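Student: what follows is a predicted protein model with its sequence.
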Amino acid sequence: LVAPGGADATAIVGVNYCGGNVVVLARDPKDGRLATEPVQVVAHAFTASMVNPERQEASHPHGTFSHPKEPRRIFVPDLGCDVVAEHLLNEAGTTLEFVRA
């Protein structure tokens, strides 16, 4: 999980390893409470690399990391596809836009 913007973050971005997706959860910056439902679910629909077919049959996002100087820039390594996807969280902290992999 990553909270772009630190303590004042309005969203938390995380991954679902088995489901192959990235989720954005709204966060109340005053008390830190998270929404019970995601505001966005982004499927990681990259082609599996199949270097190791037993482990790479599909997309498996492994975590979320924000850029140290641009916290809205989110990086998601994907074990199943051997890529690191880059996403940009909008100013409102509600949606991710895919940038590149």
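Tutor: On my side now, so go ahead.
Student: residue 62 touches residue 15, doesn't it?
Tutor: Yes - between residue 62 and residue 15 a contact is recorded at 6.9 Å, counting by C-beta atoms under 8 Å. No exception for glycine: its C-beta is placed from N, CA and C like everyone else's.
Student: which residues are in contact with each of those two?
Tutor: Each of residue 76 lies in contact with both residue 62 and residue 15 under the rule C-beta atoms under 8 Å, 6 or more residues apart in numbering.
Student: neighbour-wise, which of the two wins?
Tutor: Just comparing residue 62 and residue 15: by other C-beta atoms under 10 Å the higher neighbour count belongs to residue 15, 22 against 13.
Student: average pLDDT for the helix or strand hosting the more buried one?
Tutor: Residue 15 is part of strand 11-16, with elements assigned from DSSP states H and E. This predicted structure assigns strand 11-16 an average pLDDT of 95.
Student: equivalent analysis for stretch 34-41, please.
Tutor: Mean predicted lDDT for stretch 34-41 stands at 94.
Student: ok, now stretch 73-81?
Tutor: In the prediction, stretch 73-81 has an average pLDDT of 93.
Student: only the buried residues of it, if you could.
Tutor: Going by neighbour count (16 or more other C-beta atoms under 10 Å), the buried part of stretch 73-81 is 73-74, 76-81.
Student: ditto for stretch 91-99
Tutor: So for stretch 91-99, counting by 16+ other C-beta under 10 Å, buried means 93, 96.
Student: picking up where we left off before, name the helices or strands packed onto the strand holding residue 15?
Tutor: With contacts defined as 3 or more C-beta pairs under 8 Å, 6 or more residues apart in numbering; DSSP states H and E, strand 11-16 has these neighbours: strand 21-26, strand 83-89.
Student: let me know the angle separating that strand from strand 83-89.
Tutor: Between the axis of strand 11-16 and that of strand 83-89 there is an angle of 150 degrees, by axes from the mean of the first three to the mean of the last three C-alpha atoms, to 10 degrees.
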